[in-house]
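[1] predicted coordinates and the sequence they were generated for:
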Amino acid sequence: MSSVSISTVFEPARAERDESRRPPGAQRGHHLRMTGRSSSHYTRVARMAAHHLEVEFEFAVVDDLLALTPHTFAGHPGLKIPVLHVGDVAIWGTEAICGHLRRLSGAPAQVLVMPAQIDDHVVSNAQELVWQAMQAQVQWRLGVSIGKLPPDHAYFRKVQASIEGILAWLDARVVDLLERLPAPREASVFELTTFALVDHLRFCPTVDVRRYAQLCQFADRWANRPEARLTPYAFDRQPSPLST
């Protein structure tokens with residue numbers, strides 16, 4: 001039976017920031033286990049948020065993305081990743097996980113700006129488009145790369161056109177969008193997701209992301225951040241029979 005691989009990786013909190021910004025006892029008593037894939041941009045956003053917030057966790061790999069049982073996806077009824085377990089409590093969805101991690105860390109709002117903090121319809125629209133492009137990339141990967149369906153099918157042609165349209169819109173506005181984000185800040189979910197999307201298109205090309213120069217420049221800058229360097233995209237190895 002397909003399952004979550006029990007071979008996990010412990011990801012310690014990075015210690016590059018002044019410890020005074022972490023309240024005493026932050027995360028104390030909480031055992032965190034994040035389930036996902038190293039090749040998933042949704043998972044990478046959550047992992048980057050955890051590293052940025054200095055929250056320690058175990059990382060468990062889903063070994064079969066085409067499985068049809070919630071057990072394979074750490075109990076998620078919609079068969080989605082990532083899933084964060086805080087003790088016996090499950091948190092579903094990347095944005096919810098990022099918010100929960102920030103609360104657990106005790107970090108102030110400017111350390112990781114959440115979408116709900118943003119009172120700017122242009123940035124909110126941009127965040128929605130990034131989520132949509134991420135989902136479209138998943139649809140393409142599951143259908144064409146994993147499911148071996150024909151890429152010239154009308155459905156996947158529309159998926160590709162959707163990604164290209166979103167990238168063009170973001171590329172024309174990314175400099176302005178960054179200026180519209182709250183300041184001062186250390187990071188934002190918008191920046192994490194935008195970087196994860198662009199870097200994922202380099203890792204698993206659906207469209208030629210090199211056509212979008214401003215987005216590529218942004219991603220190149222973010223690639224040097226510790227949370228990005230600690231979470232590179234990779235295809236997880238299939239577990240051995242003894243680890244399933």
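    Cool, got the structure.
[2] now do the helix or strand hosting residue 46: distance to the chain's middle.
    Using DSSP states H and E, residue 46 maps to helix 41-53. Centre-to-centre, helix 41-53 and its host chain are 6 Å apart (C-alpha atoms, centre = their mean, to the nearest Å).
[3] and what of stretch 96-103?
    Relative to its chain's centre, stretch 96-103 lies at 13 Å (C-alpha atoms, centre = their mean).
[4] tell me the mean pLDDT for it?
    Regarding stretch 96-103, the rounded mean pLDDT is 98.
[5] other residues contacting that stretch?
    Counting by C-beta atoms under 8 Å, 6 or more residues apart in numbering, stretch 96-103 makes contact with 34, 45-46, 49-50, 53, 55, 82, 84, 86, 91, 109, 111-112, 114, 116, 189, 192, all of which sit outside it. Heads up, the C-betas are built off the backbone N, CA and C, glycines and all.
[6] which strands and helices sit next to the helix holding residue 46?
    Secondary-structure packing of helix 41-53 (3 or more C-beta pairs under 8 Å, 6 or more residues apart in numbering; DSSP states H and E): strand 4-11, strand 32-36, helix 94-105, helix 121-140, helix 189-203, helix 226-229.
[7] does residue 169 really touch residue 129, like I thought?
    Yes - at 6.4 Å, residue 169 and residue 129 qualify as touching, with contact defined as C-beta atoms under 8 Å.
[8] more neighbours: which of these two?
    Between residue 169 and residue 129, counted using other C-beta atoms under 10 Å, the more crowded position is residue 129 (19 against 14).
[9] please report how far that one lies from residue 215.
    Per C-beta to C-beta, to the nearest Å, residue 129 is found 12 Å from residue 215.
[10] go on, residue 223?
    Taking C-beta to C-beta, one finds residue 223 at 12 Å from residue 215.
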